[in-house]
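J.: Let's see this in three dimensions:
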Amino acid sequence: MAKGGFRGGFPGGGSQMNMMKQAQKMQQDFMKMQQELESKEFEFSSGGGAVKAVMVGTRQLQSITIDPEVLDPDDVEMLQDLILAAVNGAIKLADEETGKAMNKLQGGLGGFPGLF
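T.: Numbering: from 1, shown residues only. The predicted structure follows:
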């Protein structure tokens, strides 16, 4: 047989195995990241801290805290706006954190173009 013959049974087998190992590691990393994000709390305040919303990475609202000083029966719309701002801010924080984590994971996809 000529020098540099086939090793491992078929040509290119080693690189395919490496790609499969990389894919498995990425899947494990993704699952770990997903679990971490699901348990992480995202807090956002509006109105200078008058309303605070806390949600977890699963997008479930955990709590809303309202400073009693902002309760004005003649201005319910302001309180509604503060609640919306706090909840939307918490959602945005969760989205940004998820995006950063996904970008970090996708950074290791050099060997898999077009996968995501």
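
J.: now the helix or strand bottoming out on mean pLDDT in the chain, how far from the chain's geometric center?
T.: The least trusted helix or strand in the chain, going by mean pLDDT, DSSP states H and E, turns out to be helix 13-39, with a mean of 84. Here helix 13-39 is found 16 Å from its chain centre; the criterion is C-alpha atoms, centre = their mean, to the nearest Å.

J.: Can you list the helices and strands that that helix packs against?
T.: In terms of contacts (3 or more C-beta pairs under 8 Å, 6 or more residues apart in numbering; DSSP states H and E), helix 13-39 is packed against helix 76-106. For the C-beta atoms, the positions are set from N, CA and C on the backbone; glycine is no exception.

J.: The helix it packs on: which residues count as buried?
T.: Using 16 or more other C-beta atoms under 10 Å as the burial criterion, the residues of helix 76-106 that qualify are 79, 82-83, 85-87, 89-91, 93-94, 98, 101, 105.

J.: thinking again about what came up before, only the C-alpha atoms, please, for the following helix or strand past the least confident helix or strand of the chain, written as CSV.
T.: Counting by DSSP states H and E, the next helix or strand C-terminal to helix 13-39 is strand 41-46. Backbone C-alpha positions of strand 41-46 (Å, rounded to 0.1, in the frame of the first residue of the first chain) are rendered in CSV as follows:
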residue,chain,number,x,y,z
GLU,A,41,-34.1,36.8,37.1
PHE,A,42,-34.4,40.0,35.1
GLU,A,43,-35.4,43.1,37.0
PHE,A,44,-36.4,46.4,35.6
SER,A,45,-37.7,49.6,37.3
SER,A,46,-39.7,52.5,35.9
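
J.: So which of the buried residues of helix 76-106 is the closest to residue 73?
T.: Taking C-beta to C-beta as the measure, residue 79 is the one of those closest to residue 73, at 9.6 Å.

J.: out of everything not next to it in sequence, what's closest to that closest one?
T.: With sequence-adjacent residues excluded and distances taken as C-beta to C-beta, 6 or more residues apart in numbering, residue 79 is closest to residue 70, at 6.1 Å.
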